[in-house]
Structures are given as structure tokens and as C-alpha cells.
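Engineer: below is the sequence, then the predicted model.
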Amino acid sequence: MGTGTKLLFAVLGIVLVVALLSTNLVVAADRTVLDSDFVKDTADEEGLYAALAQEVQEDAMQTLSTSGNALPADELEDGVREAVIEAEIREQGEKNVDRLYAFLHGETDELHLEIDLERANQNVLTELEEEMTGLDLGEADFPQGDEIEAMAESEEQFAQYRDEFREEQKEELQGGGDREVPAEELDQRMDAIRLDLYTERDELLEQERYGDGLDADLEEPAHALLTARVDALTGEMGYDEYVTEVESAKEEFETELVAGVESELADGAQIDLTEGMDDDATESLEMGQAVVSTASLLAIVLPLVCLGIVGLMAWVAPPSTTALSAGVVSTLVGTTGIVGSHVAGEQIELLFAGGETPPAMADFVLGIASGTLAALTVQSVVLLVVGIGLVAVGVAIRQGLLLE
């Protein structure tokens, strides 16, 4: 080969190194981190959806438990956990991944990411409606709920609570003395006692209303329940009428409980993740779109460029020289990829070790990185084997073992 040819061959060799290194990296990224299916599979394998479902459940329970709905904690937790399932969160997550990658690959001009919890919220309501059927006021921490429930269970218990109440009132009228209070006198005083209990009822409702207890919408059925108790204890209401009043008020109470939950959930049914993005965020997304689109194009073009360079090398130099040079380049790039993947993997693990990133998200990011580096390693091993084979072919040609 002449001097000019040797110089051209050297330049082609250098360009081949750069092109093959770039091809190895870009193709590995295109197969993994730039592929939506890979990202979705990794999220599932690393438990990201399960962690997100748990977080949504905890947020929902926190919202509802502090909303003034007076829901029983165990029934609230059971309802939310039955309704907010991992499959629903996975479906929402995968839809957003597909939208994001469609934008990054230039398939859509606008990016719109959202979390639609309407179906999950409806599941919560359905579960809670079932849990609310036959609600126990005592378990719901309703004021005097245990007593109200016990009096409605049987006429015997109803009479027992009324008799105990009358005995307590007699003792108060006696004031610690020996005088026996006749039943007639107690009956005459019962209207005044009832009014005093109505006052206590109103004060209790006021306290619950503005404290951490009953919501305003529950005040009417709560008022009816407490009034029924007072009327039953003071003889104003018989057992059958009491049971009817309690069952009616409880039904309204249950309905208002579920309505309160529905109102709370409706506020967060649609979460727009891209709403209110500032200019910096928009600019970063547009830059990411340009990078991803370019990388996807390069993943197709660069392998063809590498083949073209090898073809030019074979055109300007003997086959043995081309085989040796291409083999050395492939071996060098393959070795670099293997070593680089190992070193990068260790550095990434150190970066996330003991960090403040949530464990599920850290596992997801590490899974993406590990998958990308694993793909790069496999490709690099292939390049190393191919490179060694080409070197062997070049040597064999020069030794006359193969025809040039």
C-alpha cells in the first residue's frame, strides 16, 4: 500500500473505533432504557407498582381517616386495600410510560401524563358500602354507640338500661339521704331530666362537629340517634318505636358516611402530572425528545456506517490487513464495553447505597441501569468474540492457511 492509502486506512480505523463504540452504547440504550416495554417490565419486576399501590392506599386511608367521616379504622383499611389493587396502578403506570415514550420518540407533539383513580375510587366506595351495611355504632366510635346498639338488640336489654337509668336518677334525687323517692315523683321530674339530657346531647354534637369527630353532614342522623337514646331512657319512647328510629337513623348515617368518602375521593380522582410545568421543565422534555429521537435513529444508522467503513477498508487494503485491523478494533471495543459496564455498575450501586431515594424507586432505577449494562455486556462479549475471530482469520491468511 502506498503512503496515501496507509493514511486513509489509518483514518478509517480510527473512525471505526469511534463508530463501533458509539454503536455499542446506542444499541444497548435503544434495546433497554429507550424501550417502553423494557421499562414497564423492569418496573413490574422491581416491585415499583406494588410499592405505588401501597402508597396510594396509605394516602387514601390518611385522607379519609382525617376527613371527619367517623369511619371505623378497620373497615376503612379493609375497604381501601380491597379496592386499590396493584393491577390498577400497573395499568395507570404503563399508560403513562407509553405516553412518555411516544412523546420522546416524536410520535406525539404534546406530552400529557395523568393518573386516573376514578375506577379505584369507585372500588373503594363499593367496598365501603358493603362494609357499612349493618354498621356497629360502637365500633365506629359514635358517642354512646355501644349503649344505643345494646338497647336495640332486645326488649330485655332495653328495659334493663331504662331501669338502671331510673335508679341512677333516684339516687341523684335522694342526694345521699335515706328518703325513698317514689316512682311518681321521679316521673314528674322526668321531663326536666329529659331537657337536661337534650342540652348534653347538643353540647356533645357541637363538640364532635368542630373537633375531630363527626362531619357536618352526619349531624342530622347523629342527632336522631342521640335523641332516640334520651327518649328511650326517659320513657318518652317504647322499644318498637326506638328500634325503628335507630334503624332509620343508622341507615341515613351509613349513607352519609359513604357520601362523605365519595366527596373526599372525588377531589383527587384525576391527577394531571404535567399540569403547571414551567418553561425549564418543558425545555428539558423537548431536549430529551431530541436526544431520544436522535439515539433511535443512530441505533439504525451507526451499524450500517460500521459495515460501510469495514467495506472501505477491505477496498483499500488486502483482506488479511482488513481482518486484522477490524478484529483489533472489535476486540478493543468489546473489552472496553465489558470493563466499562462492570465499573459503571459498581459506581451506580454506590451512588444509591444509603441514599434518600425511596427503596422502590431506587430498585427501579438500579434495575434499569443493570438491564442496560447487562445488554451492553452481552453485546461487548459478542464484539470480543467476533474480534478474536477476525484476528484469527487475518493471521491465518498471512500464514497461508487461508487463501487471500
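Structural biologist: Ah, there it is.
Engineer: ok, Leu376 touching Asp30?
Structural biologist: No. Checked against C-beta atoms under 8 Å, the pair Leu376 and Asp30 is beyond contact range at 11.3 Å. For the C-beta atoms, the positions are set from N, CA and C on the backbone; glycine is no exception.
Engineer: neighbour count for the two, which is higher?
Structural biologist: Taking other C-beta atoms under 10 Å, Leu376 and Asp30 do not tie; Leu376 has more neighbours (23 against 19).
Engineer: excluding sequence neighbours, find me the nearest residue to that one.
Structural biologist: Computed as C-beta to C-beta, 6 or more residues apart in numbering, the closest residue to Leu376 that is not its neighbour in sequence is Ala28, at 4.0 Å.
Engineer: again with Leu8
Structural biologist: Per C-beta to C-beta, 6+ apart, closest to Leu8 is Val316, 5.8 Å.
Engineer: please name the residues that touch the nearest residue to Pro358 once chain neighbours are set aside.
Structural biologist: Nearest non-adjacent residue to Pro358, counting by C-beta to C-beta, 6+ apart: Ala51, 7.4 Å away. Going by C-beta atoms under 8 Å, 6 or more residues apart in numbering, Ala51 touches 358-361.
Engineer: buried subset of those as a ChimeraX selection?
Structural biologist: Buried members of these, defined by 16 or more other C-beta atoms under 10 Å, are picked up in ChimeraX with:
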select :360
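Engineer: for the residue nearest to Leu376, give me its contacts.
Structural biologist: 372-373, 375-376, 379.
Engineer: would you turn those into a markdown table with secondary structure, distance to Gly340 and pLDDT?
Structural biologist: Listed next are the contacts of Ala28 as a markdown table, based on DSSP: H, G, I helix; E, B strand; the rest coil; distance: C-beta to C-beta, whole Å; pLDDT from 0 to 100:
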| residue | secondary structure | distance to Gly340 | pLDDT |
| --- | --- | --- | --- |
| Thr372 | helix | 12 | 93 |
| Leu373 | helix | 9 | 93 |
| Ala375 | helix | 13 | 94 |
| Leu376 | helix | 8 | 94 |
| Gln379 | helix | 12 | 94 |
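Engineer: can you tell me which of the residues you listed are buried?
Structural biologist: The neighbour-count test (16+ other C-beta under 10 Å) applied to those identifies 372-373, 375-376, 379 as buried.
Engineer: nearest to Glu86, of those residues?
Structural biologist: Closest to Glu86 out of the buried ones among the contacts of Ala28 is Thr372 (25.3 Å), distances taken as C-beta to C-beta.
Engineer: helices and strands of this protein: which one bottoms out on pLDDT?
Structural biologist: helix 73-83 (a mean of 61; mean pLDDT, DSSP states H and E).
Engineer: how about the one residue sitting closest to the centre of the chain: what's its closest non-neighbour residue?
Structural biologist: Geometric centre of the chain, nearest residue: Leu52, 2.2 Å, by C-alpha atoms, centre = their mean. Using C-beta to C-beta, 6+ apart and skipping the chain neighbours, the partner closest in space to Leu52 is Ile89 (5.0 Å).
Engineer: would you mind naming the helix or strand containing that neighbour?
Structural biologist: Ile89 belongs to helix 86-104 when assigned by DSSP states H and E.
Engineer: thought Gly93 was touching Ala53?
Structural biologist: No. Gly93 is not in contact with Ala53 according to C-beta under 8 Å; the separation is 9.7 Å.
Engineer: how is this protein partitioned into domains?
Structural biologist: 3-114+272-398, 145-266 (automatic domain parsing).
Engineer: export the ones you listed to JSON lines and tack on distance to Ala120?
Structural biologist: Shown next, in JSON lines, are the domains of the chain (distance: least, C-beta to C-beta, whole Å):
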{"stretch": "domain 3-114+272-398", "distance to Ala120": "5"}
{"stretch": "domain 145-266", "distance to Ala120": "9"}
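Engineer: assumed Glu110 was part of a helix.
Structural biologist: No. Judged by DSSP: H, G, I helix; E, B strand; the rest coil, Glu110 forms no part of a helix; its state is coil.
Engineer: now the strands for the protein?
Structural biologist: 114-116, 270-272 (DSSP state E).
Engineer: among those strands, which gets the worst mean confidence?
Structural biologist: Lowest mean pLDDT within these: strand 270-272, at a mean of 68.
Engineer: pick out whichever of the contacts of Ala51 sits closest to Asp44.
Structural biologist: Among the contacts of Ala51, Ala360 lies closest to Asp44 (C-beta to C-beta), at 11.8 Å.
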